[in-house]
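J.: Give me coordinates for this.
(one chain, ligands or ions: 1)
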Amino acid sequence: MSRENTNESGVPAHVAIVMDGNGRWARARGKARNAGHRAGVRATRQIVEACVERDIRYLTLFAFSSENWKRPPTEVRLLMRLFLEALQREVAELHKNDVRLRFMGDRSLLPDDLVRQMNDSEQLTSGNSGLQLNVAVSYGGRWDIVNAARSLAGAVSDGTLTPAEIDEDQFARALSLGGVPDPDLFIRTGGEKRISNFLLWNLAYAEFYFSNALWPDFDAQALDEAIDDYLSRQRRFGRTAEQVNAG
Ligand code: FPP
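T.: From the prediction side, this is the model:
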């Protein structure tokens with residue numbers, strides 16, 4: 001069993017989650033999709049708390065993708081309002097628990113009041129040293145890579161960087177998660193087995209775990225099952241099993 005990239009208590013240092021299945025959870029109960037999203041916010045709160053308790057260093061959540069803008073405008077509006085309300089309601093408690101909040105994604109597309117609240121929440125919690133909670137909103141892995149390429153190209157045209165200086169480390173620093181170690185464990189709920197344009201660069205060596213639970217039903221026990229499964233795997237990072245076992 002490899003303990004590489006786990007913290008002292010043996011949990012992954014960085015967990016990334018695609019929270020899927022809110023709509024199906026609501027439909028199964030004869031409720032509107034929005035009721036599923038509200039239940040999804042409650043599940044998110046529980047999982048953030050569980051990560052704090054388990055001393056996980058980084059949690060990155062896919063809340064709204066670049067492609068989710070194609071959903072019906074009423075659902076998009078409801079989601080934006082839900083994000084704003086959840087943030088307004090939870091930020092003080094997150095701050096009290098030493099959580100550092102970071103948002104990633106194309107803010108130019110988001111409503112002004114949400115962007116203001118995101119900026120304020122980031123600023124308020126910027127000095128915290130507990131769990132770093134990264135929330136991807138209006139985010140796409142391809143957007144992230146193009147954005148990084150554009151900023152590096154800008155530095156080259158300004159003369160502050162040469163093309164030869166662009167290597168993997170330099171490129172990774174220009175991404176949204178620049179400075180954050182890559183996710184160790186990727187979880188997707190809701191039964192689908194795909195990455196859906198989430199952290200395309202950063203998930204290169206993550207262990208993948210797919211749960212059939214719908215996001216509103218994914219609780220601390222389900223998280224522990226995912227972590228146990230992760231801990232049973234051998235991470236080789238391109239090396240042979242013999243090399244890894246020899247340490
Ligand atoms: C996935 O279910 C959920 C979303 C795309 C909505 C965003 C997530 C939440 C509201 C959870 C809370 C997040 C935060 C940051 C507070 P789906 O609508 O794709 O479900 P379906 O596949 O069953 O239709």
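J.: lowest confidence element among the helices and strands of this protein?
T.: Least confident element among the helices and strands of the chain, by mean pLDDT, DSSP states H and E: helix 241-245 (a mean of 84).
J.: S196: what secondary structure?
T.: coil (DSSP: H, G, I helix; E, B strand; the rest coil).
J.: Now name the helix or strand holding the residue of the chain found nearest the ligand.
T.: Nearest residue of the chain to the ligand (CB to the nearest ligand atom) works out as G23 at 2.4 Å. To be clear about C-beta, it is placed using only N, CA and C from the backbone, and glycine gets the same treatment. Assessed by DSSP states H and E, G23 sits inside helix 22-28.
J.: Same question for T60.
T.: Per DSSP H and E: strand 58-65 holds T60.
J.: helix, strand or coil for S176?
T.: Judged by three-state DSSP, the three-state class of S176 is coil.
J.: Please report how far the closest residue to it other than its chain neighbours lies from R27.
T.: Distances taken as CB to CB, 6 or more residues apart in numbering put M104 closest to S176, at 3.7 Å, once the chain neighbours are dropped. Distance, M104 to R27, using CB to CB, to the nearest Å: 30 Å.
J.: Return the residues in contact with R188.
T.: Contacts for R188 (CB atoms under 8 Å, 6 or more residues apart in numbering) come out as 17-18, 20, 194-195, 208-211.
J.: what two of these are the furthest from one another?
T.: The largest separation in the contacts of R188, counting by CB to CB, is between I195 and S211 at 14.9 Å.
J.: Look at those two and report which has more neighbours.
T.: Taking other CB atoms under 10 Å, I195 and S211 do not tie; S211 has more neighbours (21 against 16).
J.: Excluding chain neighbours, what is closest to the more buried one?
T.: Counting by CB to CB, 6+ apart, S211 lies nearest to T189, which is 4.9 Å off, once chain neighbours are set aside.
J.: Might you enumerate the residues of this protein proximal to the ligand?
T.: 19-24, 37, 40-41, 44, 61, 63-64, 68, 79, 82-83, 86, 135, 190, 215 (CB under 6 Å from any ligand atom).
J.: By residue count, which helix of this protein is the longest?
T.: For the chain, the helix with the greatest residue count under DSSP state H is helix 73-96.
J.: contacts for the helix or strand just after it?
T.: Next along the chain after helix 73-96, taking DSSP H and E as the criterion, comes strand 100-104. Strand 100-104 is contacted from outside by 91, 94, 118, 121-122, 125-137, 139, 144, 176-177, using CB under 8 Å, 6+ apart.
J.: before we move on, what about stretch 220-227?
T.: Contacts for stretch 220-227 (CB under 8 Å, 6+ apart): 11-12, 46-47, 49-51, 53-54, 185, 187, 209, 211, 213.
J.: Only whichever of those are buried, select them in ChimeraX.
T.: Here is the ChimeraX command that selects the buried residues among the contacts of stretch 220-227 (16 or more other CB atoms under 10 Å):
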select :11,12,47,49,50,51,54,185,187,209,211,213
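J.: Same list (the contacts of stretch 220-227) but as JSON lines, adding secondary structure.
T.: Converted to JSON lines, the contacts of stretch 220-227 look like this (three-state DSSP):
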{"residue": "V11", "secondary structure": "coil"}
{"residue": "P12", "secondary structure": "strand"}
{"residue": "Q46", "secondary structure": "helix"}
{"residue": "I47", "secondary structure": "helix"}
{"residue": "E49", "secondary structure": "helix"}
{"residue": "A50", "secondary structure": "helix"}
{"residue": "C51", "secondary structure": "helix"}
{"residue": "E53", "secondary structure": "helix"}
{"residue": "R54", "secondary structure": "coil"}
{"residue": "L185", "secondary structure": "strand"}
{"residue": "I187", "secondary structure": "strand"}
{"residue": "Y209", "secondary structure": "strand"}
{"residue": "S211", "secondary structure": "coil"}
{"residue": "A213", "secondary structure": "coil"}
